[in-house]
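> here you go, sequence then predicted model.
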Amino acid sequence: MACRLPGVADSDTSTPADWKMPSAPRGGSIRLSGRLWPTLRDPPADAEAISHKLMVRAGLVRQLASGLYSFMPFGLRSLHRIIAIIREEMDAIGAQEMLLPVMHPAEIWETTGRLGLDEQFQLEDRAGRAMVLGMTHEEIITWHAAREIRSYRDLPQSWYQFQTKMRDEPRAKSGMLRVREFIMKDSYSLDRDTAGLDASYDAHAGAYARIFDRCGLDWVMVESDTGMMGGSGAHEYMAPSPVGEDMIARGPTGYAANIEMATSVAIEPEFDAAPGTPEPFDTPGIETIDQLVTATGLVAARLAKSVVVVTDDGPVLAVLRGEHQLHDKKLARLVGMHRPAQPEEIRGWFGADPGSLGPVGIEGVRIVVDETITRGHYITGANRDGVHLRGVVFGRDFTGEIADIREVIAGEGCPISGEPLVLEPVIEVGNIFKLGTKYSSALGARYLDAEGTEQTIVMGSYGIGPARTLAAAIEQGNDESGIVWPRAIAPFDVHLVLIGDVDGPSGVYAEGLFGELSDLGLEVLFDDRPGVKPGEKFVEAELLGVPIRITVGKRTVPDGPLEVQVRREREKSEVPLAGAAEAICALWSALP
RNA sequence: CGGGGUGUGGCGCAGCUUGGUAGCGCGCUCCGUUCGGGUCGGAGAGGUCCCCGGUUCAAAUCCGGGCACCCCGACCA
């Protein structure tokens, strides 16, 4: 909301130069008396995440069931502000808003092979037709594109919506951070070719940067995994937070990647002089790398671990240094879907316990070797219980496919600069994804090019979770008293606390100030409740965390000054009554 | 789906081991008091003790089954 004071520039330095004031009205100012604002002194006992506790205590949301939340009026105001920002930025890159159904005929999902996914809610209508509740809308958008797009002249297009997604999560958690029903802004780009897709993708990336900046979020864009569904590129927008479920690796020079994608320069141990042939030695009872470290006195990086997984095509032996963990998704890109092998299976294939496995002398089993193993010589299992081998060298004593299959660990080198990587938990608030032609070819979304040749539309999909963005902002902005909002997404701009009688002199003054502030374009919450103690009003105001609090009481009239508190610093200042509304407007404009 | 935990008034909890009239704090209503940081005092309202079954003269409490919610893990377009 604009502060329409002439001559007061918007001095926010944390937002980009092209920052724009939201133009649409956002519900305006309200008087609190008679309104629903259900605050709680204690958080619900089962709440763990800070955002969960605060959103419930501050009366923003209420839980209906696991992973199902209702937005209360003030929570909805913040959600609407985020949605308004997203809508403006999507419109600004030429995307058009649509609205697609939540319920879909199952057969469309059958066409793309996504019917029956674990997280999909399925149901039947009264005629017995199979229906699903949409967990995303690639199928539906593409279905429409197939019917409406004819010519290369119709392209490119970007379409978006705010619509409820239904996902039967195996485990809803952390309040609003992982839920089973949520509104998503999802957009889809339709292009003639991959060059067009790249342009649409970049346009979305620009819009997303502006959106998260304007929402006041601390965020980082990272490379992400395109998963089993292919696609040629993907990025995620991550808000750093200790409660985040994802992990990213960051380097000091701007390198940032989801841990699923991150690569690193491993720290090299010091190897002894070149070894002779592998030499067996007894290691009775040793089953883990830790035990082997103790027994040999060597660092884990001098030991090689052998991990067996099972694919549709049989067992795969993965070999890594002792300090590394096998990264399932990296291995999956090479060998496909897999599961850990059972000890009985391992004995069948290798004739030894899992603790004594190694790659030497193995035949008929696919071997994948982490690239670190190609340097130096290692202690490995001998495939005999209680026996290991010393001085095993890749390429001489065993062989296998070389790949990066290890999970990055903190402190290893950034792949760009070599500087140490930092691992950080993050909340995923958005993603952008180059889909390619997976959905358009399955659903027949084609067009005629300038030569009259039929071509397949090239697509991208782009998501943002407004409620998750809201929760992430609260995870990042809070103190012991409550929420500390970025001003752009606070439920109100100013919290006007009246102490005393509405009909008394201070009440009359507060009423006038309420009108003045509102006329200047600020959205004001006027706490005009009679019979509520000052302390209680202050405590509740800090819990809700509106950026500016103004207190009007008997000290205020007739001569002032007016007491103003910025929520973020919780420092009180005094403003003369003359021109008070304008001064507050200026103060608000300078806030982050 | 595996492991752990919890279900008692709107919220937070005690009571359960050792069966016997259901309690405390906050909130809510009323009276008085106070009136710029969750005042103080008094009087009240409000509960199928998650559900079903069993044992018992008697079950919040013991036993069996189920459900819900939370946490850890697995999973997560």
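Nice, thanks for sending it over.

> for the closest residue to RNA strand B within the stretch 301-450 of chain A, grab phi and psi.
Nearest to RNA strand B in the stretch 301-450 of chain A, going by C-beta to the nearest atom of the strand, is residue A:328, at a distance of 5.5 Å. Every C-beta, even on glycine, is put in place using the N, C-alpha and C of the backbone. When quoted as degrees, to the nearest 10, the phi and psi of residue A:328 stand at phi -60, psi -40.

> per-residue confidence for it?
Note on residue A:328: pLDDT of 84.

> next one: residue A:362
According to the model, residue A:362 scores 87 on pLDDT.

> what's the helix or strand for the residue in chain A that RNA strand B sits nearest to?
With C-beta to the nearest atom of the strand as the measure, residue A:535 is the residue of chain A nearest to RNA strand B, at 2.3 Å. Applying DSSP states H and E as the criterion places residue A:535 in helix A:534-544.

> can you check residue A:199 too?
With elements delineated by DSSP H and E, residue A:199 resides in helix A:194-214, which encompasses its position.

> which parts of the next helix or strand after that helix are buried?
Per DSSP H and E, helix A:194-214 leads on to strand A:220-223 as the next helix or strand towards the C-terminus. Residues of strand A:220-223 classed as buried by neighbour count (16 or more other C-beta atoms under 10 Å): A:220, A:221, A:222, A:223.

> can you narrow these to ones near RNA strand B?
The overlap between the buried residues of strand A:220-223 and the neighbourhood of RNA strand B (criterion: C-beta under 7 Å from any atom of the strand) is empty.

> picking up where we left off before, quick one: residues in contact with the helix holding residue A:535.
In this structure, residues lying in contact with helix A:534-544 by C-beta atoms under 8 Å, 6 or more residues apart in numbering are A:37, A:39, A:54, A:57-59, A:74, A:481-483, A:491, A:495, A:497, A:499, A:525, A:527, A:529, A:549, A:551, A:553, A:567, A:570.

> and RNA strand B, which of the residues you listed reach it?
A:39, A:481, A:499, A:551, A:553.

> about what we covered before: just checking, what packs against the helix holding residue A:199?
helix A:73-92, strand A:157-166, strand A:181-191, strand A:220-223, strand A:233-240, strand A:422-436, strand A:458-464 (3 or more C-beta pairs under 8 Å, 6 or more residues apart in numbering; DSSP states H and E).

> closest to residue A:142 out of the ones you listed?
With respect to residue A:142, and counting by C-beta to C-beta, the nearest of those is strand A:458-464 at 7.0 Å.

> who does the helix or strand just after the closest one touch, helix- and strand-wise?
Under the assignment DSSP H and E, the closest C-terminal helix or strand after strand A:458-464 is helix A:466-476. Here helix A:466-476 touches helix A:50-57, helix A:73-92, strand A:181-191, strand A:233-240, strand A:422-436, going by 3+ C-beta pairs under 8 Å, 6+ apart.

> mind checking how far the third one is from the chain centre?
Centroid separation for strand A:181-191 versus its chain: 15 Å, with C-alpha atoms, centre = their mean, to the nearest Å.

> in its sheet, what does the lowest-mean-pLDDT helix or strand in chain A sit against?
Sorting the helices and strands of chain A by mean pLDDT, DSSP states H and E puts strand A:339-340 at the bottom, at a mean of 80. Sheet pairing for strand A:339-340, assigned by DSSP bridges, gives strand A:304-311 (antiparallel).

> now what about the strand it pairs with, what contacts it?
Outside strand A:304-311, the residues within contact range by C-beta under 8 Å, 6+ apart are A:289, A:315-322, A:324, A:326, A:331, A:335-341, A:345-346, A:349-350, A:354, A:357-359, A:373, A:378-381, A:392.

> now go through those residues and say which are in strands.
When the contacts of strand A:304-311 are checked against strands using DSSP state E, the ones located there are A:315-321, A:339-340, A:378-381, A:392.

> state the mean pLDDT of stretch A:162-174.
Along stretch A:162-174, the predicted local confidence has a mean pLDDT of 93.

> make a ChimeraX selection of the buried ones in the ones next to RNA strand B among the contacts of helix A:534-544.
Selecting in ChimeraX just the buried members of these, where the criterion is 16+ other C-beta under 10 Å, is done with this command:
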select /A:39,499,551,553
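
> would you format the ones next to RNA strand B among the contacts of helix A:534-544 as a markdown table with pLDDT, distance to residue A:511 and secondary structure included?
Rendered in a markdown table, the data for those read as follows (pLDDT from 0 to 100; distance: C-beta to C-beta, whole Å; DSSP: H, G, I helix; E, B strand; the rest coil):
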| residue | pLDDT | distance to residue A:511 | secondary structure |
| --- | --- | --- | --- |
| A:39 | 95 | 24 | coil |
| A:481 | 94 | 27 | coil |
| A:499 | 94 | 14 | coil |
| A:551 | 97 | 15 | strand |
| A:553 | 94 | 14 | coil |
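
> between the ones next to RNA strand B among the contacts of helix A:534-544, which is nearest residue A:445?
Set against residue A:445, the nearest of these by C-beta to C-beta is residue A:39 (49.6 Å).

> tell me which parts of the stretch 351-500 of chain A are close to RNA strand B?
Where the stretch 351-500 of chain A comes near RNA strand B, counting by C-beta under 7 Å from any atom of the strand, the residues are A:431, A:433, A:461, A:481, A:499, A:500.

> ok, now which ones touch the residue positioned nearest the centre of chain A?
Closest residue to the average C-alpha location of chain A: residue A:428 at 0.6 Å, with C-alpha atoms, centre = their mean. Contacts here follow C-beta under 8 Å, 6+ apart; on that basis residue A:428 touches A:236, A:237, A:238, A:244, A:245, A:246, A:468.

> pLDDT score for the fifth one?
Going back to what we said before, that points to residue A:245. Looking at residue A:245, its pLDDT is 91.

> which residues touch it?
Taking C-beta under 8 Å, 6+ apart as the test, what residue A:245 contacts is A:174, A:177, A:178, A:425, A:427, A:428.

> by neighbour count, which of these wins?
Comparing these on neighbour count, residue A:427 comes out first with 29 neighbours (neighbours: other C-beta atoms under 10 Å).

> pretty sure that one contacts residue A:468?
Yes: in terms of C-beta atoms under 8 Å, residue A:427 counts as a neighbour of residue A:468; the distance is 6.6 Å.

> got any residues that touch both of these two?
Common neighbours of residue A:427 and residue A:468 are listed as residue A:177 (criterion: C-beta under 8 Å, 6+ apart).

> check which helices and strands whichever helix or strand residue A:583 is part of is in contact with.
Under DSSP H and E, the secondary-structure element containing residue A:583 is helix A:580-589. Helix A:580-589 makes packing contacts with helix A:505-519, strand A:548-552, strand A:562-566 when contacts are defined by 3+ C-beta pairs under 8 Å, 6+ apart.

> can the longest one be found next to RNA strand B?
By that I understand helix A:505-519. No: Helix A:505-519 stays out of contact with RNA strand B when judged by C-beta under 7 Å from any atom of the strand, the minimum separation being 7.5 Å.

> that helix - contacts with which helices or strands?
When contacts are defined as 3+ C-beta pairs under 8 Å, 6+ apart, helix A:505-519 sits against strand A:494-498, strand A:524-527, strand A:548-552, helix A:580-589.

> want to throw these into a markdown table with distance to residue A:205?
What follows is those, written out as a markdown table (distance: least, C-beta to C-beta, whole Å):
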| stretch | distance to residue A:205 |
| --- | --- |
| strand A:494-498 | 34 |
| strand A:524-527 | 36 |
| strand A:548-552 | 33 |
| helix A:580-589 | 28 |
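
> show me which residues of the stretch 1-150 of chain A sit near RNA strand B.
Listed as neighbours of RNA strand B in the stretch 1-150 of chain A under the rule C-beta under 7 Å from any atom of the strand: A:39-46, A:48-49, A:63, A:65-67, A:114, A:117-120, A:135-136.

> let's see 10 Å
Residues of the stretch 1-150 of chain A lying close to RNA strand B (C-beta under 10 Å from any atom of the strand) are A:38-49, A:52, A:56-58, A:62-69, A:109, A:114, A:116-120, A:134-139.
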